[in-house]
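# Would you be able to build a 3D model of this:
(one chain, ligands or ions: 1)
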Amino acid sequence: MQSYTIVTGASCGIGYEIAQLFAKDKNNLILVARNEEKLNEIKKDFEQKYKINVIVIRLDLSVDNDVDYLYEYVEKNKIVVDNLINNAGIGNFGEFYKADCTKDLDMIKLNVYSLTKLMKLFLPNMIKRNKGGILNVASTAAFGVGPMMSVYYATKSYVLSLTESVSAEVKGTNVKIAAICPGPVDTGFQGKAGVKKAKIAKGYMMKADEVARDAYKKYNKGKTIIIPGYKNKVLVQSFRFLPRKVIGMAALRLNK
Ligand SMILES: NC(=O)c1ccc[n+]([C@@H]2O[C@H](COP(=O)([O-])OP(=O)(O)OC[C@H]3O[C@@H](n4cnc5c(N)ncnc54)[C@H](OP(=O)(O)O)[C@@H]3O)[C@@H](O)[C@H]2O)c1
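Now for the predicted structure:
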């Protein structure tokens with residue numbers, strides 16, 4: 001039986017960078033996203049450079065059957081999943097009452113429903129083997145209040161809360177459950193989410209490879225909540241002291 005690390009949303013951005021770090025350390029990979037062509041290019045590159053096995057599975061994780069397919073594939077091929085990196089995610093910018101309803105609901109399916117289902121499917125075997133781990137990609141948004149991106153912020157708060165709770169449940173085992181909470185990262189995410197005005201983003205913007213390196217190092221050390229970058233750590237600390245109403249008003253002024 002061969003061991004693999006699953007990375008969702010591995011076709012670009014943070015997921016691609018995290019996948020590369022696992023590859024460098026000789027972990028076989030299952031790469032998941034919708035852009036199969038891109039995933040196949042990455043497979044070719046990683047297999048040549050790092051002498052590992054890479055399996056590409058084209059899936060739309062906002063579709064329930066696709067989530068099931070991933071688990072069925074792993075079971076059918078007797079694959080051991082060492083790490084599950086729940087990275088695939090989207091955002092949607094705009095006032096709640098105006099933002100496209102289908103896009104918001106698809107976001108919940110991807111950021112919340114499929115992430116939860118993948119944890120439910122893969123965690124029991126990790127517990128049985130007393131080995132492995134799950135790294136969920138949340139955001140500093142998880143700690144805040146997000147007018148103009150209300151559904152996105154809510155999905156990331158869910159991811160953080162779920163991660164902290166499940167991490168507490170598995171304490172005492174060798175299974176790691178962690179969440180990485182980046183601030184703004186220079187990927188295609190903001191553009192795809194339709195973020196128009198992100199004045200705060202410039203000073204806080206990090207590169208995807210920096211974020212991935214921090215996530216990889218601290219996940220391997222067993223840290224539960226990983227906040228990359230000094231400025232993001234300060235921001236999150238300030239959220240602990242400021243009234244949530246004040247945070248919400250400040251975010252609204254920046255974004256509207
Ligand atoms: N960039 C930021 O500012 C930022 C900040 C904090 C947290 N995050 C979080 O970081 C994670 C990665 O985002 P990123 O910045 O790297 O954005 P990105 O460059 O847009 O990458 C998103 C990845 O998710 C995949 N994806 C999107 N919809 C999918 C679907 N329905 N099914 C399967 N895969 C799907 C995309 O691949 P395909 O399009 O090929 O499917 C892509 O590989 C997300 O969870 C995001 O919320 C981002």
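
# where are the low-confidence patches of this structure?
Per-residue confidence for the chain (pLDDT under 70) gives these ranges: 197-201.

# Contact residues of the stretch 151-256 of the chain facing the ligand?
Neighbours of the ligand within the stretch 151-256 of the chain, by CB under 6 Å from any ligand atom: 182, 184-185, 187-190, 192. Glycine gets a C-beta too; all of them are placed from N, C-alpha and C.

# Top of those residues by number of neighbours, please.
The member of these surrounded by the most neighbours (other CB atoms under 10 Å) is Pro182, with 26 neighbours in all.

# Get me the contact residues on the stretch 1-150 of the chain for the ligand.
8-15, 33-35, 59-62, 87-90, 110, 137, 139.

# same thing but at 8 Å, please
8-16, 32-35, 38-39, 59-63, 66, 87-91, 106, 109-111, 114, 137-141 (CB under 8 Å from any ligand atom).

# so how far is Asn111 from Ala212?
To Asn111, Ala212 is 19 Å away according to CB to CB, to the nearest Å.

# burial measure for Val32, as a count.
29.

# in the stretch 101-250 of the chain, which spans are helices?
101-107, 115-129, 150-169, 189-193, 199-204, 208-221, 230-241, 244-255 (DSSP state H, counting those that start in this stretch).

# Measure how buried Lys49 is and give me the count.
11.

# okay but it is in contact with Ile42, surely?
No - under the criterion of CB atoms under 8 Å, Lys49 makes no contact with Ile42, lying 10.5 Å away.

# Going by neighbour count, list what's buried in the helix or strand hosting Ile42.
Assigned by DSSP states H and E, Ile42 belongs to helix 36-50. Buried residues in helix 36-50, counted by 16 or more other CB atoms under 10 Å: 38-39, 42-43, 46, 50.

# swap in stretch 64-72?
66-67, 70-71.

# Next: stretch 155-168.
Neighbour counts over stretch 155-168 (16+ other CB under 10 Å) mark 155-160, 162-164, 166-167 as buried.

# Which one of those is nearest to the ligand?
Among the buried residues of stretch 155-168, Lys156 lies closest to the ligand (CB to the nearest ligand atom), at 6.7 Å.

# which residues sit in contact with that closest one?
111, 138-139, 141-142, 181 (CB atoms under 8 Å, 6 or more residues apart in numbering).

# got the CA coordinates for stretch 225-233 in PDB?
Provided in PDB are the C-alpha atoms of stretch 225-233 (Å, rounded to 0.1, in the frame of the first residue of the first chain):
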ATOM      1  CA  ILE A 225      -3.600  27.600  14.300                       C
ATOM      2  CA  ILE A 226      -1.000  29.000  11.900                       C
ATOM      3  CA  ILE A 227      -1.000  32.700  11.200                       C
ATOM      4  CA  PRO A 228       1.700  33.600   8.600                       C
ATOM      5  CA  GLY A 229       3.400  37.000   8.800                       C
ATOM      6  CA  TYR A 230       4.000  39.400  11.700                       C
ATOM      7  CA  LYS A 231       1.400  41.900  10.600                       C
ATOM      8  CA  ASN A 232      -1.400  39.300  10.400                       C
ATOM      9  CA  LYS A 233      -0.500  38.100  13.900                       C
END
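
# Residues touching that stretch, excluding its own?
For stretch 225-233, contacts defined as CB under 8 Å, 6+ apart pick out 140, 160, 163-164, 178-183, 203-204, 206, 210-211, 214-215, 218-219, 236.

# Among these, name the buried ones.
Buried among those by 16+ other CB under 10 Å: 140, 160, 163-164, 178-183, 204, 206, 211, 214-215, 218-219, 236.

# could you list every residue that touches the nearest residue to Lys207 once chain neighbours are set aside?
Spatial nearest neighbour of Lys207, excluding adjacent residues (CB to CB, 6 or more residues apart in numbering): Asp186 at 5.6 Å. By CB under 8 Å, 6+ apart, the contact list for Asp186 reads 205-208.
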